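# starting from these lines, generate the structure:
(chains A and B)
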2 protein chains.
Amino acid sequence: MLEKLRAGGKTTVYTRPLARLIEQLQRLPGVGPKTAQRLALHILKRPETEVQALAQALVEAKKQVGFCTQCFHLSAEPVCEICRNSNRDRQTLCVVSDSRDVIALEKTREYQGLYHVLGGVISPMDGIGPEQLHIEPLIRRVSQQQIQEVILAIAPSIEGETTTLYVGQLVKPFTKVTRIAFGLPVGGDLEYADEVTLARALEGRRELQ
Amino acid sequence: MLEKLRAGGKTTVYTRPLARLIEQLQRLPGVGPKTAQRLALHILKRPETEVQALAQALVEAKKQVGFCTQCFHLSAEPVCEICRNSNRDRQTLCVVSDSRDVIALEKTREYQGLYHVLGGVISPMDGIGPEQLHIEPLIRRVSQQQIQEVILAIAPSIEGETTTLYVGQLVKPFTKVTRIAFGLPVGGDLEYADEVTLARALEGRRELQ
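Below is the predicted model of the structure:
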């Protein structure tokens, strides 16, 4: 019942169920052999109910969480909580590439409008064209609903810029289109900011009131 | 279906199954809110079969892995693979405090004897006395079996030293007792070694052959 398992460059022996658990944990991002072993040995020390709870949470999250049919944000229901929230401003759409961007923006507690998750950025290198993203549904929303403003909040990588410009052009005919500001991060130091960021900061300068 | 969840000092919103998964993942050692979110979002992107495999590995490892009745190392059978391995030297016992020490020693591929896992170290502060550890079974093994040498391999903390001395005294009447060497780690630099380690290195000096 032993299994050779690559770990830290050496082959070590674990009893099989432990080896299997370590193997599985190693599939997680940022979890190497050492971390996987530490996690596995920790788990063996926990009460069975707690381990069951973790296993169940994994399966249920995967089973129940899908995408909102309106904004494509992660949701356990056909329409996500944000889209269903009547207190939110339904005339403003914030376009992001990924659900984690929605979560990040929600954490700021600043934004009260709705979202639209593209599900990625245009990247021909990776075979991701506009048709692989949720751009068509966005156009539909913007053309059919009363949208006052579409805020493009896509990180300014080369692919991100392409996506921003592409989506911007398509949405402009229907509504006002803005994009979030790029510049020196708060608490950031000019000395250590890269040229591109500084250039953006200059370009985005505003008159003092 | 939303749940407020403390994360990075801010309360954020996740759809409930996702919130539950993040909560569960945060119970793991070294996993904070940010890592838990990253892991959870990664898991949602994986195929269901893969998530099922992880969940199953968790439950099965917890269910199947217990302790070897002879050496108290982690084992899926009553007697662990090491104790059952007829190629190993059954006259040498290496006494360690934890199963992860067995794994570490096995990785060196240097040791061919058997082990005995105490399950901790004597620590009155934590209410851990000799009776909480597997010391009695060790004495039984040493007194009833043909043991030529007992190697004490317990980390030299205050509790570790106490345990080493305590166990050493009990085992001495039956067999030869040694302890692993402490000193400058290989690749270590005198300049950066702490006084205690250096003192141990001096104390443990050997004549050049």
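# and the longest helix belonging to chain A, what does it pack against?
Identified as the longest helix of chain A according to DSSP state H is helix A:48-64. Secondary structure elements in contact with helix A:48-64, counted by 3 or more CB pairs under 8 Å, 6 or more residues apart in numbering or on different chains; DSSP states H and E, are helix B:16-25, helix B:33-45, helix B:48-64. All C-beta atoms are positioned from the backbone trio N, CA, C, and that covers glycine.
# does A:Glu50 touch B:Leu58 like I think?
No: with the criterion set as CB atoms under 8 Å, A:Glu50 and B:Leu58 do not qualify as a contacting pair; they are 10.2 Å apart.
# ok, those two, which is more surrounded?
B:Leu58 (26 against 14; other CB atoms under 10 Å in any protein chain shown).
# how about the strands of chain A, start to end?
In chain order, chain A shows strands spanning A:2-7, A:10-15, A:66-67, A:74-75, A:89-96, A:113-117, A:149-152, A:176-179, with DSSP state E as the criterion.
# thinking again about what came up before, mean confidence score for the longest helix of chain A?
With pLDDT averaged residue by residue, helix A:48-64 scores 96.
# list the contacts of that helix.
When contacts are taken as CB atoms under 8 Å, 6 or more residues apart in numbering or on different chains, the neighbours of helix A:48-64 outside the stretch itself are A:43, A:76, B:17-18, B:20-21, B:23-25, B:27, B:40, B:43-44, B:46, B:48, B:51-52, B:54-56, B:58-59, B:62-63.
# one step back: save the strands of chain A as a markdown table, and put in distance to A:Gly160 and mean neighbour count too.
Conversion of the strands of chain A to a markdown table gives the following (distance: least, CB to CB, whole Å; neighbours: other CB atoms under 10 Å in any protein chain shown):
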| stretch | distance to A:Gly160 | mean neighbour count |
| --- | --- | --- |
| strand A:2-7 | 37 | 16 |
| strand A:10-15 | 42 | 20 |
| strand A:66-67 | 21 | 16 |
| strand A:74-75 | 21 | 24 |
| strand A:89-96 | 11 | 19 |
| strand A:113-117 | 14 | 24 |
| strand A:149-152 | 9 | 20 |
| strand A:176-179 | 10 | 16 |
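# if we can go back for a sec, drop anything exposed from the contacts of helix A:48-64.
Among the contacts of helix A:48-64, those that count as buried by neighbour count (16 or more other CB atoms under 10 Å in any protein chain shown) are A:43, A:76, B:17-18, B:20-21, B:23-25, B:40, B:43-44, B:46, B:51-52, B:54-56, B:58-59, B:62.
# quick one: contacts for A:Ile158?
When the contact criterion is CB under 8 Å, 6+ apart, A:Ile158 has no partners at all.
# ok, now how distant is it from A:Gly120?
Using CB to CB, to the nearest Å, one gets 14 Å for the distance from A:Ile158 to A:Gly120.
# try A:Arg100
Counting by CB to CB, the gap between A:Arg100 and A:Gly120 amounts to 12 Å.
# then A:Gly183?
Summarising the geometry, the distance separating A:Gly183 from A:Gly120, computed by CB to CB, is 25 Å.
# tell me the pLDDT at the residue nearest the centre of chain A?
Geometric centre of chain A, nearest residue: A:Arg100, 2.6 Å, by CA atoms, centre = their mean. At A:Arg100, the predicted lDDT confidence score is 91.
# quick one: it and B:Leu41 touch, right?
Yes: A:Arg100 is in contact with B:Leu41 according to CB under 8 Å; the separation is 5.8 Å.
# which residue ranges make up the domains of chain A?
The record's domain split for chain A, according to automatic domain parsing, is A:2-64, A:67-207.
# in CSV: the helices and strands packed on helix A:48-64, plus distance to A:Ile82.
Supplementary listing: the helices and strands packed on helix A:48-64 in CSV, determined by distance: least, CB to CB, whole Å:
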stretch, distance to A:Ile82
helix B:16-25, 13
helix B:33-45, 17
helix B:48-64, 25
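# how about those, which one is nearest B:Glu191?
With respect to B:Glu191, and counting by CB to CB, the nearest of the helices and strands packed on helix A:48-64 is helix B:33-45 at 35.0 Å.
# what angle sits between the closest one and helix B:48-64?
Here helix B:33-45 runs at 120 degrees with respect to helix B:48-64, directions being taken by axes from the mean of the first three to the mean of the last three CA atoms, to 10 degrees.
# what angle do helix B:16-25 and helix B:33-45 make with each other?
Relative orientation of helix B:33-45 with respect to helix B:16-25: 130 degrees, computed using the same axes, to 10 degrees.
# any idea of the mean pLDDT for helix B:33-45?
95.
# what helices or strands is it leaning on?
For helix B:33-45, the elements it packs on are helix A:48-64, helix A:99-108, strand B:2-7, helix B:16-25, judged by 3+ CB pairs under 8 Å, 6+ apart.
# next one: the second one to chain centre, how far?
In other words, helix A:99-108. Averaged C-alpha coordinates place helix A:99-108 at 8 Å from its chain's average position (CA atoms, centre = their mean, to the nearest Å).
# buried residues in that helix, which are they?
Residues of helix A:99-108 classed as buried by neighbour count (16+ other CB under 10 Å): A:Ser99, A:Asp101, A:Val102, A:Ile103, A:Leu105, A:Glu106.
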